[in-house]
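**Student:** here are the coordinates; sequence isn't available:
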C-alpha cells in the first residue's frame with residue numbers, strides 16, 4: 001500500500017512539474033527577426049561562395065570585396081542573434097541554419113515534382129498525338145531542369161549535403 005501511495009505521489013509531483021514549464025509563444029517580432037536572420041545567413045553563405053569562386057578565378061579584388069561583405073553579414077548575424085537570445089530564443093543561428101536548409105530541400109522537392117509532372121504530361125501528349133503540346137512540355141521540362149539546377153546550387157551553398165537522398 002505504501003508503495004502505491006508513494007508511486008501516485010511521485011506521479012503527481014512529476015505532472016505538476018511538467019505543467020509548470022511553458023513554451024514561450026513566438027511573437028510576430030521574433031518571427032520577423034528570425035526571417036531577417038535567415039536572410040543574413042543566406043547572404044553570408046552566398047558571399048563566401050562568391051569569394052571562393054573569385055579566388056579560384058584569380059580575381060583577388062572581387063574576392064576581397066566579397067570577403068568584406070561576408071564580414072558585414074556575419075556582424076549582422078551576431079547582432080540579430082544577440083537580440084533573439086535576449087528575447088529568449090535558444091541557439092538562433094543554429095535554428096536559422098536548419099530553417100534555411102529545410103527551405104532549400106523543400107524548394108528542390110517541388111522542382112523535382114514539377115519536372116516529373118511535366119515529363120508525365122509530355123508522355124501523355126505523345127501518346128495522344130498532340131505534337132504541339134509535347135513540344136510545349138519539352139520547353140517546360142527545360143525550364144524545370146534549369147530551376148532544379150539553380151535550387152541544387154543554392155542548397156549546396158547553404159550547406160545541404162546529400163541532397164539527392166533528401167529529395168527522394
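**Tutor:** Yep, that arrived. Quick caveat: nothing in here was measured; it's all calculated off a predicted structure. Numbering: from 1, shown residues only.

**Student:** Residue 11: neighbour count?
**Tutor:** Residue 11: 10 surrounding residues under other CB atoms under 10 Å. The C-beta positions use only the backbone N, C-alpha and C, and glycine is treated the same way.

**Student:** So which elements touch the helix or strand where residue 105 lies?
**Tutor:** Using DSSP states H and E, residue 105 maps to helix 92-128. In terms of contacts (3 or more CB pairs under 8 Å, 6 or more residues apart in numbering; DSSP states H and E), helix 92-128 is packed against helix 28-57, helix 60-86, helix 131-157, helix 163-167.

**Student:** Please point out which parts of stretch 79-97 sit buried.
**Tutor:** For stretch 79-97, the neighbour count (16 or more other CB atoms under 10 Å) marks 80, 81, 84, 89, 92, 93, 95, 96, 97 as buried.

**Student:** nope, stretch 55-67 is what I meant
**Tutor:** Of the residues in stretch 55-67, those buried (16+ other CB under 10 Å) are 63, 66, 67.

**Student:** what pLDDT, on average, does stretch 84-91 get?
**Tutor:** Averaging pLDDT along stretch 84-91 gives 89.

**Student:** swap in stretch 95-113?
**Tutor:** pLDDT averaged over stretch 95-113 gives 90.

**Student:** Repeat that for stretch 57-73.
**Tutor:** pLDDT averaged over stretch 57-73 gives 94.

**Student:** Just give me how far that stretch sits from the chain centre.
**Tutor:** 24 Å (CA atoms, centre = their mean, to the nearest Å).
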